[in-house]
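[1] Build me a model:
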Amino acid sequence: MKIVVIGGTGLIGSKLVTELGGHGHEAVAASPHTGVNTLTGEGLADALAGARVVIDVSKPRSLEDTVAMEFFETSTRNLLAAEVAAGVGHHVALSVVGIDRLPGNGFFRAKVAQEELIENSSIPYSIVRATQFFEFVRSIADDATDDATDGGTVRMAPVLFQPIAGDEVARWSAGSRWGRR
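    Residues are numbered from 1 along each chain as shown. Got it, this is the predicted structure:
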């Protein structure tokens, strides 16, 4: 089965392409690096031709509120339209656990907007909400550290934090019902 992974050259996408290939699928890594741009639509029609499933694990170049919103709204609209034209049977999007509980976070608002576009489309879909990835723990701690030149103090909200390994997200996604042969 042909499965196109939007964001297929990134951290999760590259792992997902490998997993899907290991299950015997034709896994296509689609990203600007491979000539597929969901913001402009460039390369989408060719990449999606013959695809039965599209898995979107893409992300914007910046997590800044306006950039993230523009990215998710534009790329999701373009992607869904291209999927309809190509006859894609299922759309899968990777999202974040708890995004609907933090409306003050602009990136999360952008992900909610993405989910709403997907839910309101005519394409059957799955939205996979994962926790933060272990691979990002260092950058989270760095961003929360004051005065790093003096050893720094890490200041984080008193919340439970349960990261997941990117490999696990890819393994689960590749082995789910849309990824089985």
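[2] Give me the contacts around the helix ranked longest in the chain.
    Longest helix of the chain, by residue count under DSSP state H: helix 65-86. Helix 65-86 has contacts (C-beta atoms under 8 Å, 6 or more residues apart in numbering) with 6, 38-41, 44-45, 48-51, 54, 56, 58-62, 91, 93, 106-107, 109-111, 113-114, 117-118, 121-123. Yep, even glycine has a C-beta here, placed from its N, CA and C like the rest.
[3] check contacts around the residue nearest the centre of the chain.
    In the chain, the C-alpha nearest the mean C-alpha coordinate belongs to Val57, at 2.2 Å (C-alpha atoms, centre = their mean). Val57 makes contacts with Val5, Ile6, Gly7, Gly8, Gly10, Ile12, Gly13, Leu16, Ala93, Leu94, as judged by C-beta under 8 Å, 6+ apart.
[4] Ok, Val5 next?
    Going by C-beta under 8 Å, 6+ apart, Val5 touches Gly13, Leu16, Val17, Leu20, Ala27, Val28, Ala29, Ala30, Val54, Ile55, Val57.
[5] what about the helices in this protein?
    11-22, 44-48, 65-86, 106-119, 137-143, 166-175.
[6] So for Pro158, which of those helices sits nearest?
    Checking these against Pro158 by C-beta to C-beta gives helix 137-143 as the closest, at 14.8 Å.
[7] what's the least confident helix or strand in this structure, going by average pLDDT?
    Scoring the helices and strands of the chain by mean pLDDT, DSSP states H and E places helix 137-143 at the bottom, with a mean of 67.
[8] quick one: Arg155 from Ala29, how far?
    In this structure, Arg155 and Ala29 are 38 Å apart, going by C-beta to C-beta, to the nearest Å.
[9] Please say which of the two ends up with more neighbours.
    Ala29 (22 against 8; other C-beta atoms under 10 Å).
[10] my read: that one touches Gly10, true?
    No - the pair Ala29 and Gly10 does not pass the contact test of C-beta atoms under 8 Å, sitting 9.1 Å apart.
[11] List the residues that contact the nearest residue to Val169 once chain neighbours are set aside.
    Sequence neighbours aside, Ala130 is the residue nearest to Val169 in space, at 5.0 Å (criterion: C-beta to C-beta, 6 or more residues apart in numbering). Residues in contact with Ala130 (C-beta under 8 Å, 6+ apart) are Leu94, Ser95, Val96, Val97, Ile164, Val169.
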